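Colleague: Pasted the sequence and its predicted model underneath.
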Amino acid sequence: MKVKRIPFDSATDFDAEIAKIVADAPGPVVVLFFGNELPETNESFCPDCVVADPLIRKAVLSHAQSATITLVEVPSGARDEWRSPDNRYRKHPQIQLARIPTLVQWTRDGPAGRLVEDECADEAKLAAFL
């Protein structure tokens, strides 16, 4: 598994960055949108994200094609930034992020499928999704 990260500050460049990642990826690309980490805990402010994160990583690592999967981490902003209706990922025409965590299969044509919130912590759904 390769892990890439698109920082929240780079969200305006998301389209260019994800296009490059997909073009260079040796296999499937999955994008994880989550709440920013709190400096005092190094964990997301989002409790669902904290629960889902290790399960997502475990599912990707245990997948038959794990060596070719690229996991792209995309923090959706601090709590106030995330809650704003003007959040760049909420307003992005292809993403329209409504809840976190959200895991999206990304292809050359854009999003191809997604798991949202508690679905990201469901091991059976994660295995089927990947």
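Modeller: Perfect, I can see it now.
Colleague: The biggest helix by length in the chain packs against which elements?
Modeller: Using DSSP state H, we find that the single longest helix of the chain is helix 47-62. Helices and strands touching helix 47-62, by 3 or more Cβ pairs under 8 Å, 6 or more residues apart in numbering; DSSP states H and E, are strand 29-34, strand 70-75, helix 123-129. C-betas here are computed from N, CA, C, even on glycine.
Colleague: These into CSV, with extra columns for distance to residue 53 and mean pLDDT?
Modeller: Below are the helices and strands packed on helix 47-62 laid out as CSV (distance: least, Cβ to Cβ, whole Å; pLDDT from 0 to 100):
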stretch, distance to residue 53, mean pLDDT
strand 29-34, 7, 96
strand 70-75, 9, 93
helix 123-129, 12, 94
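Colleague: Deepest in the core, which of those is it.
Modeller: Sort the helices and strands packed on helix 47-62 by mean neighbour count, taking mean count of other Cβ atoms under 10 Å, and strand 29-34 sits at the top with a mean of 24.
Colleague: Can you tell me the strand partners of that one and which way each runs?
Modeller: strand 70-75 (parallel), strand 102-107 (antiparallel) (DSSP bridges).
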